[in-house]
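# Let me see the structure of the following:
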Amino acid sequence: MRSSKPITVTLGAQQSSLDRRLASGAYSSASEVLRAGLRALDREEAALDEILREKVRASLADPRPSLPAEDVFAGLRQRHAARLKAGDRDA
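Residues are numbered from 1 along each chain as shown. Have a look, this model is predicted:
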């Protein structure tokens with residue numbers, strides 16, 4: 001019994017990318033190309049998840065005292081206002 005089921009996929013602009021890969025001989029079917037693409041996406045997402053986990057670990061291990069949220073947001077508002085002001089000068 002099959003562990004997968006056939007699906008219909010509309011690729012749009014990516015169709016030419018799939019066609020090039022098939023024409024190159026690197027892949028023998030559209031299914032192979034799509035499976036390779038999904039494996040690459042899985043690797044990318046796993047790498048990003050690990051980067052985020054490491055950032056959380058580093059934040060939790062940071063010995064500096066926590067800042068009140070009000071102070072953080074006030075600082076962000078100031079930075080945003082300064083960037084907007086700088087953008088007005090450049091226009």
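
# Show me how far stretch 77-91 is from its chain's centre.
Relative to the centre of its chain, stretch 77-91 is centred 28 Å away, using Cα atoms, centre = their mean, to the nearest Å.

# Now do the buried residues in it.
Of all the residues in stretch 77-91, not one is buried under the rule 16 or more other Cβ atoms under 10 Å. Every residue, glycine included, has its C-beta placed from N, CA and C.

# Count the residues that sit near Ile7.
7 (other Cβ atoms under 10 Å).

# Check it and give its pLDDT.
At Ile7, the predicted lDDT confidence score is 90.

# what separates it from Ala47, distance-wise?
Distance of Ile7 to Ala47, given as Cβ to Cβ, to the nearest Å: 26 Å.

# what residues does the strand or helix carrying Arg21 touch?
Element membership for Arg21, per DSSP states H and E: helix 15-24. Contact with helix 15-24 is made by 11, 27-30, 33-34, as judged by Cβ atoms under 8 Å, 6 or more residues apart in numbering.

# which residue ranges form the helices in the protein?
Secondary structure of the chain by DSSP state H: the helices cover 15-24, 30-61, 69-90.

# what comes up buried for the first one?
By 16+ other Cβ under 10 Å, the buried positions in helix 15-24 come out as 18, 21.

# next one: the second one
Buried positions in helix 30-61, judged by neighbour count with 16+ other Cβ under 10 Å: 33-34.

# what's the angle from it to helix 15-24?
120 degrees (axes from the mean of the first three to the mean of the last three Cα atoms, to 10 degrees).
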